[in-house]
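> No letters, just coordinates:
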């Protein structure tokens, strides 16, 4: 069963990002397919954020990336990290959790959007010296990702089941 | 009665398409249809007129100059495009519902359908093939079978999903195994019942198994490819998740490579934002 929230969560759409410094906030993003969902949370200053990116690299269409950096994994994640630094988060405190990067059946080497999204994500985090502490990626799943700002708890809902990440 | 037979009888409970959509389709069968007659027909439906004008002036369908009347819309957009808008307006109330069996909240199936319609048109532009007629409508209608199974039959997705997960078979193959029929076939039967043209019936029927289509129909290939891209983007996917096969030979036939795929996903996303809202203004 899906958790009932005590207050309306902040929804992150596809190609969208939100940060928060309010411990009452709950951040949620729905139906991650091949897209990437990333939560970053600093438990010391209690700021955090979530991004839902769709395609691996912004160089594919720099114009679009300029208008909406969150459409692309490279620019989207870099921007989220920067936003959190601006709110006082520190690199060594940031806890990173990842969901998404799914694929269709038989999608053998076809476009590998999910897989490439994940590779780009790892690169950007690595460059920023941030380790992934937990992840639920790949397969043919659709995932909903939830971040609780009071504790940093991250939950993945998939196939009607909720699991803490 | 088998489960399949049971489902087939339920198809009759789905509302019929509004008569105006059927009438206009019949008029369009006639090659030299007079656009004034067409405009006359629509004029007497003020709700439809308002909605068509709304769409005709939108960023996606619109033109540089404002479209003020149905006659204007027909001259600028062509009778076929206006027909596509009428079909869209006619089926929107049916597809906008929640689709319990697939765990889709109200509007999610609609969003997926509009996204596939847009992505199919974007594909035509990006791969540079000659545009077949009614690409948008073909994309819009491909999943109507889910309305029957998900809303009127209220199938339980769980046993189907269990099978799909366990044996790595696709959701439509699992539907066949559990129900004796899948949403693609159900959709094709519904479209036939709605007296829609054969090429739409084929798109619904074969959009997950494009290599099984009995004859060449580029719409089937386009919608299969567009559906795959929209699922990857996660637009309006339900309990069936990404448990569908993608046919590499379709991508090769259409010349869809990685770059085309990504550009189409990005462009579709951009067009979609305003478009789905637009149809909801009933």
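Now that the structure is in, tell me what you want to look at. Because the structure is predicted, anything quoted here is derived from the model rather than measured.

> Relative to chain A, how far out is residue B:98?
14 Å (C-beta to the nearest C-beta, to the nearest Å). Backbone N, C-alpha and C define where each C-beta goes, glycine included.

> wouldn't that residue be in contact with residue B:110 here?
No. The pair residue B:98 / residue B:110 is not scored as a contact, 10.5 Å apart, by C-beta atoms under 8 Å.

> who has more neighbours, those two?
residue B:110 (25 against 15; other C-beta atoms under 10 Å in any protein chain shown).

> buried residues in the host helix or strand of the more buried one?
Secondary structure from DSSP states H and E places residue B:110 in helix B:108-127. Judged by neighbour count (16 or more other C-beta atoms under 10 Å in any protein chain shown), helix B:108-127 contains these buried residues: B:108-124, B:126-127.

> what about whichever helix or strand comes after it, distance to the chain center?
Sequence order places helix B:135-141 as the next helix or strand after helix B:108-127, per DSSP H and E. Distance of helix B:135-141 from its chain centroid, counting by C-alpha atoms, centre = their mean, to the nearest Å, is 4 Å.

> Contacts for the helix or strand following helix B:135-141, please.
Remark: after helix B:135-141, the chain's next helix or strand is helix B:145-147, criterion DSSP H and E. For helix B:145-147, the external contacting residues (C-beta atoms under 8 Å, 6 or more residues apart in numbering or on different chains) are B:14, B:94-95, B:97, B:99, B:101-102, B:104, B:109, B:182-190, B:204.

> One more pass at 6 Å, please.
Residues outside helix B:145-147 that contact it (C-beta atoms under 6 Å, 6 or more residues apart in numbering or on different chains): B:99, B:102, B:183, B:184, B:186, B:187.

> and the next element down the chain from that helix?
Moving toward the C-terminus from helix B:145-147, the first helix or strand encountered (DSSP H and E) is helix B:157-167.

> Can you report phi and psi for residue A:11?
With angles defined as degrees, to the nearest 10, residue A:11 sits at phi -90, psi 130.

> returning to that earlier point: name the helices or strands packed onto the helix holding residue B:110?
helix B:79-95, helix B:135-141, helix B:218-232, helix B:258-280 (3 or more C-beta pairs under 6 Å, 6 or more residues apart in numbering or on different chains; DSSP states H and E).

> now that helix and helix B:258-280, what's the angle there?
140 degrees (axes from the mean of the first three to the mean of the last three C-alpha atoms, to 10 degrees).

> And the average pLDDT for helix B:108-127 is what?
In this model, helix B:108-127 has a mean pLDDT of 95.

> cool, and stretch A:7-26?
Rounded to a whole number, the mean pLDDT of stretch A:7-26 is 95.

> Touching it from outside, list them.
A:5, A:27-29, A:46-47, A:49-52, A:54, A:68, A:70-71, A:80, A:83, A:87, A:148-150.

> of the residues you listed, list those near chain B.
Among these, the ones lying near chain B by C-beta under 6 Å from any C-beta of the partner chain are residue A:54.

> Name the residues of stretch B:89-97 that come out as buried.
Buried residues in stretch B:89-97, defined by neighbour count with 16+ other C-beta under 10 Å: B:89, B:90, B:91, B:92, B:94, B:95, B:96, B:97.

> What is the neighbour count of the residue in chain A that chain B sits nearest to?
The nearest approach of chain A to chain B comes at residue A:33, 3.3 Å away (C-beta to the nearest C-beta). For residue A:33, the neighbour count with other C-beta under 10 Å is 26.

> Was I right to think it contacts residue A:102?
Yes. If you go by C-beta atoms under 6 Å, residue A:33 and residue A:102 touch, sitting 5.4 Å apart.

> Are there residues contacting both of these two? Which ones?
Common neighbours of residue A:33 and residue A:102 (C-beta under 6 Å, 6+ apart) are residue B:242.

> so where's the chain uncertain?
I'll assume chain A. A:1 (pLDDT under 70).

> my question was about chain B
Low-confidence segments of chain B, defined by pLDDT under 70: B:31, B:167, B:280-282.

> Residue of it nearest chain A, please.
Closest point on chain B to chain A, by C-beta to the nearest C-beta, is residue B:234, at 3.3 Å.

> Quick check: that residue vs residue B:41, distance?
40 Å (C-beta to C-beta, to the nearest Å).

> Same drill for the two, tell me which one is more crowded.
In terms of neighbours (other C-beta under 10 Å), residue B:234 is the more surrounded of residue B:234 and residue B:41; the figures are 25 against 16.

> does the more buried one belong to a helix or a strand, and which?
Counting by DSSP H and E, no helix or strand carries residue B:234.

> Pull out the buried positions in stretch B:255-263.
Neighbour-count burial for stretch B:255-263 flags B:256, B:258, B:260, B:261, B:262, B:263 (criterion: 16+ other C-beta under 10 Å).

> Next to chain B, which bits of chain A? Give me the list.
A:31-35, A:54-55, A:60-61, A:64, A:102, A:104-107, A:111, A:113, A:140-142.

> Just the buried subset of the residues you listed, written out for PyMOL, thanks.
To isolate in PyMOL the members of the residues of chain A next to chain B that are buried, counting by 16+ other C-beta under 10 Å, one can use:
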select buried, chain A and resi 31+32+33+34+35+54+55+60+61+64+102+104+105+107+111+113+140+141+142
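
> Quick one: end-to-end length of stretch A:28-47, please.
End-to-end distance for stretch A:28-47: 15 Å, by C-alpha to C-alpha, to the nearest Å.

> same check, this time on stretch A:149-165
With C-alpha to C-alpha, one end of stretch A:149-165 sits 14 Å from the other.

> So which bits of the stretch 101-250 of chain B are right by chain A?
B:170, B:228, B:231-234, B:237, B:241-246.

> Recalculate using a threshold of 7 Å.
By the rule C-beta under 7 Å from any C-beta of the partner chain, the part of the stretch 101-250 of chain B lying against chain A is B:161, B:168, B:170, B:228, B:231-235, B:237, B:241-246, B:248.
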